[in-house]
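In: got a sequence here, can you build the structure:
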Amino acid sequence: MTVFLTLLTAAIGGILFLLLKIPGSLMVGAMLITILFNLLTGRGMLPGGASVFVQFLLGAYIGTMLHREDIKKLKKLWAPALLLLLGMTAYAIFMGVFFSKTADCDILTAMYATAPGGMVEVCLFAGDTGGDTSLIAAFHTLRTAILYLAVPVMATVILKKREKNTGEAIYVHHEGQKTSRKTLFLQMLFTLAVGAIGAIIGKISSVPAGTLLFTIVITGAVTIFTGKTYMPRWLKRTAQILSGAVIGMRCNIKDFLYIKNVLPSVLLIIFGYLLLTVVLGSLLSRKGYVDLPTGIFSCCAGGVSDVTLVASDYDVDIAKVVLLHLVRYLSIFVTYPILGAIFS
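Out: Next comes the predicted model:
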């Protein structure tokens with residue numbers, strides 16, 4: 001019953017934000033209302049495998065967004081990817097040191113708290129090296145709430161201005177093919193089966209957040225070579241609500257009280273990330289690598305799955321968003337275990 005109430009609360013939050021037309025509505029609404037429900041009642045609960053299931057669902061959905069023509073974009077993305085990596089990694093390390101000094105926090109936890117990645121993968125990395133995962137989750141939840149409210153608003157303003165000038169959308173997302181319901185249903189089952197294979201491989205590989213990574217890679221590869229994958233919009237919306245619920249459930253009152261005591265430092269770091277998102281996104285746009293809305297989402301310091309889900313509701317080059325975030329994810333996979341070994 002408690003699990004049902006938690007899921008119902010998350011769904012109500014997501015749908016409420018959707019009806020209010022708040023940018024990033026479903027995931028942000030589910031996350032914030034779940035946090036509120038859990039903090040007020042202390043009765044929030046999700047099944048033990050909820051995080052793994054959400055990673056599987058998100059990975060399968062993201063994989064269906066990658067298509068054959070997107071492979072050609074890889075050659076042109078090495079320069080923006082390098083710029084993104086250097087800029088965000090340098091800022092994250094600097095702010096990690098700053099946070100450890102100002103918040104009376106051990107350096108390892110501070111490094112992971114300020115890491116430019118999603119909560120799921122960062123907490124998994126931190127858990128393997130001894131960081132305080134509950135504190136890291138609280139920090140990332142606050143950052144997620146602010147970034148995922150602010151970035152969609154910025155993108156909405158830019159897109160409305162662009163549509164006013166051009167009168168039409170630039171990008172057409174690959175969904176809703178004109179084919180029979182039976183075929184779409186079979187393609188959906190095929191996609192879920194392929195994604196499940198990736199999720200199982202990722203789970204037994206012991207790679208941090210491997211469920212998400214392997215599901216994206218394997219589903220994406222099948223999409224590129226066959227073009228026979230499909231995930232309906234209702235499943236994407238379900239994934240958004242579940243993702244918000246999982247993020248919201250990772251926080252407790254103790255960690256938020258700690259965050260409250262060091263709030264000036266935390267807000268400085270978060271708004272620094274917001275400024276960095278705008279600066280790097282604008283730079284990528286000025287250099288001609290991406291348009292500005294795509295650049296904003298590509299440079300948002302969040303998880304690949306969360307940012308992609310939010311970005312998929314907007315007129316942006318979703319393939320570039322996915323590819324640039326995957327590169328940044330892989331850089332975290334390489335660099336942060338090394339940092340963890342150095343500072344542990």
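In: where do the helices sit along the stretch 1-150 of the chain?
Out: 2-19, 25-41, 50-63, 68-71, 78-102, 107-113, 119-129, 133-166 (DSSP state H, counting those that start in this stretch).
In: which of those has the lowest mean pLDDT?
Out: In terms of mean pLDDT, the lowest-scoring of the helices of the stretch 1-150 of the chain is helix 119-129 (a mean of 68).
In: any chance of the helices of the stretch 1-150 of the chain in a markdown table, with mean neighbour count too?
Out: Where you see a C-beta, it was placed from the backbone N, CA and C, and this is true even at glycine. Shown next, in a markdown table, are these (neighbours: other C-beta atoms under 10 Å):
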| stretch | mean neighbour count |
| --- | --- |
| helix 2-19 | 18 |
| helix 25-41 | 23 |
| helix 50-63 | 25 |
| helix 68-71 | 14 |
| helix 78-102 | 17 |
| helix 107-113 | 25 |
| helix 119-129 | 22 |
| helix 133-166 | 19 |
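In: of all those helices, which one is nearest Leu339?
Out: With C-beta to C-beta as the criterion, Leu339 lies closest to helix 107-113 of the helices of the stretch 1-150 of the chain, at 5.5 Å.
In: remind me what that closest one packs against, helices and strands.
Out: Where contact means 3 or more C-beta pairs under 8 Å, 6 or more residues apart in numbering; DSSP states H and E, helix 107-113 is packed against helix 78-102, helix 119-129, helix 133-166, helix 318-343.
In: closest one to Gly29 among these?
Out: Comparison of the helices and strands packed on helix 107-113 against Gly29 by C-beta to C-beta identifies helix 133-166 as nearest, at 10.3 Å.
In: helices or strands up against that closest one?
Out: helix 25-41, helix 107-113, helix 119-129, helix 233-248, helix 253-261, helix 263-286, helix 292-298, helix 304-311.
In: pull the residues that contact the fifth one.
Out: It stands for helix 253-261. Residues outside helix 253-261 that contact it (C-beta atoms under 8 Å, 6 or more residues apart in numbering): Leu39, Ser134, Leu135, Ala137, Ala138, Phe139, Leu142, Val266.
In: do the fourth one as well
Out: Contacts to helix 233-248, defined as C-beta under 8 Å, 6+ apart, come from residues 6-7, 10-11, 13-14, 26-35, 37-38, 44, 46, 50-51, 53-54, 57-58, 61, 119-120, 140-141, 144, 175-176, 188, 305-306, 309, 312.
In: surely Pro116 meets Tyr273?
Out: Yes: between Pro116 and Tyr273 there is a contact under C-beta atoms under 8 Å: 7.3 Å.
In: these two: which is more packed in?
Out: For the pair Pro116 and Tyr273, the greater number of neighbours falls to Pro116 (26 against 23), based on other C-beta atoms under 10 Å.
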